[in-house]
Every structure is written in structure tokens, then in C-alpha cells.
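Asks: from the sequence below, what's the structure:
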Amino acid sequence: MSGDVFVDAALFMGMHSRDAELRNACKRFFADRIDGRVVMSLEQVGRCDDLVWGYPREVQDAYYPFMDRLHTDMEIHRVGYDEKDVRAAWDDPRLHGLPAHERLAVAQALNRGGRLHTASPRLAARTDLPVEAVGPLAWEPSFPDHLERHYRDSLVLTVVADQL
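Replies: This next block holds a predicted model:
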């Protein structure tokens with residue numbers, strides 16, 4: 001998986017940020033790669049679900065058609081951590097001080113020769129890691145029409161920066 005593009009929950013859920021410029025930037029990342037391939041750890045997928053399941057049922061019902069379709073339309077390769085990922089997360093001194101979920105996400109990308117794309121401000125500040133953070137974007141990109149409609153409906157769910 002050398003050179004793979006890894007994404008985390010912060011980037012995925014950033015598409016629903018209350019900060020419009022961050023939301024646009026995260027949306028652009030996925031809209032630009034709708035015909036491409038990205039890798040996301042199973043834990044990061046679960047972090048998205050955990051966040052969404054904290055909202056009322058009707059919000060979840062409006063959100064999930066978008067998430068389900070994006071996971072179908074885009075090749076999002078969901079992979080679990082292997083032993084080397086976990087060892088790197090705890091043994092690489094560059095990762096010390098990060099929360100466990102970020103250590104594991106970065107270690108997975110690092111261990112597999114990829115780069116982690118994120119909306120995490122904590123990771124964005126790190127220049128010593130294989131991490132690329134999205135920057136603010138003033139204009140809103142679009143998904144293909146069939147997906148854009150579901151994205152619009154899903155915006156009943158919005159998140160603040162602390163949730164990313």
C-alpha cells in the first residue's frame with residue numbers, strides 16, 4: 001500500500017463542520033477524489049459512527065444516506081491495524097504525546113508508506129510526520145448530483161472543532 005492516501009475521522013466528519021471554510025476544504029478533498037481510492041482504518045470509521053450515534057435518531061437518518069453512498073461511490077478501503085502499526089504507534093518517539101487514536105492513524109500511514117490527510121489542528125501543526133492537513137477554503141465544491149442531494153440532507157448534522 002505504498003503511497004496510499006490515508007484519511008481520518010477528523011477529515012471525514014470535517015465535511016459537517018460548523019466552520020464553513022473547514023467544511024468546504026474537507027468536502028473538496030473527497031469531491032476531488034470521488035473516482036479515486038483512499039484508506040481509512042476501521043477505528044477511524046468507528047470514530048465517525050460513534051460521533052453520529054450521539055445525535056438524535058432523526059439526525060442519524062438524515063446523515064447516513066450520504067455516508068453510505070460516499071462509502072459506496074468512492075473506493076474507501078477500510079483496513080484494520082496490524083502488529084507493525086501498533087508497535088510503531090508506541091515505539092516511534094515522534095508520536096509520543098499524541099492521543100492514542102492519532103498515534104495509531106499516523107503510525108498506520110507511516111508504517112505503510114502513505115500519508116494521512118486530516119482536519120486535526122493538532123496533527124496539522126506537525127511537520128515531522130507524514131501528515132497533510134486541509135486548509136480553509138472559501139468556496140463550496142460539489143459532489144456529483146446524486147450524492148450532492150444526500151450531502152445537503154446530511155447537513156442537519158454539524159460538528160464543532162472539539163468533536164473532530
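Asks: if you count residues, which helix in this protein comes out on top?
Replies: Taking DSSP state H as the criterion, the chain has its longest helix at helix 57-73.
Asks: helix or strand right after the lowest-mean-pLDDT helix or strand in the chain?
Replies: Across the helices and strands of the chain, mean pLDDT, DSSP states H and E gives its lowest value to helix 121-124, namely a mean of 92. Note on helix 121-124: by DSSP states H and E, the next helix or strand toward the C-terminus is strand 131-133.
Asks: in this structure H117 contacts C26, no?
Replies: No - counting by CB atoms under 8 Å, H117 sits too far from C26 to count as a contact (9.4 Å). From N, CA and C alone the C-beta is placed, and that goes for glycine too.
Asks: so which of these two has more stuff around it?
Replies: Neighbours per residue (other CB atoms under 10 Å) separate H117 from C26, with C26 holding more: 26 against 23.
Asks: tell me which element that one falls in.
Replies: Assigned by DSSP H and E, C26 belongs to helix 20-32.
Asks: what does that helix contact?
Replies: 7, 11-12, 14-17, 70, 74, 117, 119, 134-143, 151, 161 (CB atoms under 8 Å, 6 or more residues apart in numbering).
Asks: count of residues packed around H77?
Replies: H77 has 13 nearby residues by other CB under 10 Å.
Asks: what's the spacing between the residue lying closest to A88 once chain neighbours are set aside and W90?
Replies: Computed as CB to CB, 6 or more residues apart in numbering, the closest residue to A88 that is not its neighbour in sequence is A107, at 3.9 Å. Taking CB to CB, to the nearest Å as the measure, A107 and W90 are separated by 8 Å.
Asks: more crowded one of these two?
Replies: A107 (26 against 12).
Asks: wait, doesn't that one sit right on R94?
Replies: No - using CB under 8 Å as the test, A107 is too far from R94 to be in contact (9.6 Å).
Asks: low pLDDT regions in the chain?
Replies: For the chain, the stretches flagged by pLDDT under 70 are 1-2.
Asks: the helices in it, which residues?
Replies: 9-14, 20-32, 42-52, 57-73, 83-91, 100-111, 121-124, 145-154.
Asks: buried residues, the fourth one. List them.
Replies: Translated: helix 57-73. For helix 57-73, the buried set under the neighbour-count rule, 16 or more other CB atoms under 10 Å, comprises 60, 62-63, 66-67, 69-70.
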